[in-house]
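# A structural model of the following input is requested.
(4 chains)
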Protein chains: 2
Amino acid sequence: MKEFDPAPHATSDDRPPDLRAGAFQGVREARRNELAEDYVELIAELIHDQGEARPVDIAARLGVKVPTVSKTLDRLAREGLITRAKYRSVFLTEEGRALAKECRRRHEIVLRFLISLGLDPETAERDAEGMEHHVSERTLALFAAFANRS
Amino acid sequence: MKEFDPAPHATSDDRPPDLRAGAFQGVREARRNELAEDYVELIAELIHDQGEARPVDIAARLGVKVPTVSKTLDRLAREGLITRAKYRSVFLTEEGRALAKECRRRHEIVLRFLISLGLDPETAERDAEGMEHHVSERTLALFAAFANRS
DNA sequence: GCAGAATGTTAGCCTTGTCTAACTTTATGT
DNA sequence: ACATAAAGTTAGACAAGGCTAACATTCTGC
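Sure thing, here's the model as predicted:
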């Protein structure tokens, strides 16, 4: 494995690799929750806007098929974020509602920040959707402050 | 499904739901590529810093087990991003190198931006790791401009 | 009030990403 | 130089998230 000279750059960082793994661990953790967060946020929005959250509407908004939604809703129910009865629309539990509220807050802050930076609303919306799950509370505070002061 | 009055808020947006699905479609697309991007970026870094990229080091840095890395590397090879020989360390293809370079560029811009916003470097690193895959080219340009002018 | 349309569920398949356990190959130290 | 340690691979399990096809239920318009 080392037929060639193995001393290429010697770039300072001598910490054992594991100590730098934190960033990726965190990202993977965030990725696991992204979908659930997207769902509860969307469900809350649908309930607010249309009075109920139906699988067919969730599927249309997320761009997936209805059976995919059905399966995911089963998981969310198992995790205590929603309640559902067969063939009926979906409701958030207290926990689900809290999560939705938190997600919406983050989403709003990121969105307002991007727009105040000068981004067009459409792109801002798309980027916020992807970014919101990966922004720390500390960064969020800076985003909010920036949007407020500009 | 509508035993109750279904006209709750009537909030403007009458586009068919499918037309608003774009944001999520894009996010899902981005999510599919995140892992590959993390890998090639890390592989490039390891080759640069240590002269070679070994599964054991990749695993340590990503915080996963070696067999997980091995399987993922098989996929990356299948997709033409890396080349590998049994029991040997990993190399990037031209395509892999291009992707790594692009990822590094994005990472750097996001990181510099967050730091110039006032974030501490550790948190900035963690957030950049998560955000970099979800930031559009347009937003990236704004980030770069902001970091440069401050 | 019923037939047909719309919606929802279930079953079954595929891929990805994670793990552990068992095995093979490569590297190392004396 | 060979025994042992370190690294890598393979096999097999599992959960998540996506799909289609087939079936069940609910809604709706006459």
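
# buried set for the helix or strand hosting residue A:71?
According to DSSP states H and E, residue A:71 maps onto helix A:66-78. By 16 or more other CB atoms under 10 Å in any protein chain shown, the buried positions in helix A:66-78 come out as A:69, A:72, A:73, A:76. Where C-beta positions appear, they are placed from N, C-alpha and C, glycine not excepted.

# Quick one: list the elements packing against it.
Using 3 or more CB pairs under 8 Å, 6 or more residues apart in numbering or on different chains; DSSP states H and E, the elements in contact with helix A:66-78 are helix A:22-50, helix A:55-62, strand A:82-83.

# what's the least confident stretch among the ones you listed?
Lowest mean pLDDT of the helices and strands packed on helix A:66-78: helix A:22-50, a mean of 93.

# picking up where we left off before, could you dump the helices and strands packed on helix A:66-78 to TSV with distance to chain B and mean neighbour count?
What follows is those, written out as TSV (distance: least, CB to the nearest CB, whole Å; neighbours: other CB atoms under 10 Å in any protein chain shown):
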stretch	distance to chain B	mean neighbour count
helix A:22-50	4	18
helix A:55-62	4	20
strand A:82-83	15	18
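
# Closest to the centroid, which residue in chain A?
For chain A, the residue nearest the mean C-alpha position is residue A:133 (3.4 Å; CA atoms, centre = their mean).

# for stretch A:94-112, the distance to its chain's centre please.
Stretch A:94-112 sits 10 Å away from the centroid of its parent chain (CA atoms, centre = their mean, to the nearest Å).

# what do you get for stretch A:90-100?
15 Å.

# Ok, which of the helices and strands packed on helix A:66-78 comes nearest residue B:145?
Checking the helices and strands packed on helix A:66-78 against residue B:145 by CB to CB gives helix A:22-50 as the closest, at 25.5 Å.

# and the direction of the closest one versus that of helix A:55-62, what angle?
Orientation check (axes from the mean of the first three to the mean of the last three CA atoms, to 10 degrees): helix A:22-50 against helix A:55-62 gives 130 degrees.

# near DNA strand C, anything from helix A:22-50?
Yes. Against DNA strand C, helix A:22-50 shows contacts by CB under 7 Å from any atom of the strand at residue A:28.

# what angle separates that helix from helix A:66-78?
110 degrees.

# circling back to that earlier point, and of the buried residues of helix A:66-78, the nearest to DNA strand C?
Nearest to DNA strand C among those: residue A:73, at 6.3 Å, using CB to the nearest atom of the strand.

# thought the closest one was touching residue A:53?
No. Contact between residue A:73 and residue A:53 fails when scored by CB atoms under 8 Å: they sit 9.5 Å apart.

# Any idea how many residues pack against residue A:52?
18 (other CB atoms under 10 Å in any protein chain shown).

# Find the nearest non-adjacent residue to the residue nearest to the centre of chain A, please.
Closest residue to residue A:133 apart from its sequence neighbours, by CB to CB, 6 or more residues apart in numbering or on different chains: residue A:34 at 4.6 Å.

# ok so, going back, what sits in contact with each of residue A:73 and residue A:53?
Counting by CB atoms under 8 Å, 6 or more residues apart in numbering or on different chains, the residues touching both residue A:73 and residue A:53 are residue A:90.

# hmm, back to that, centre of the chain versus the helix holding residue A:71, how much separation?
17 Å.

# Could you pull up the contacting residues of residue A:134?
A:27, A:30, B:127, B:129, B:130, B:131, B:134.
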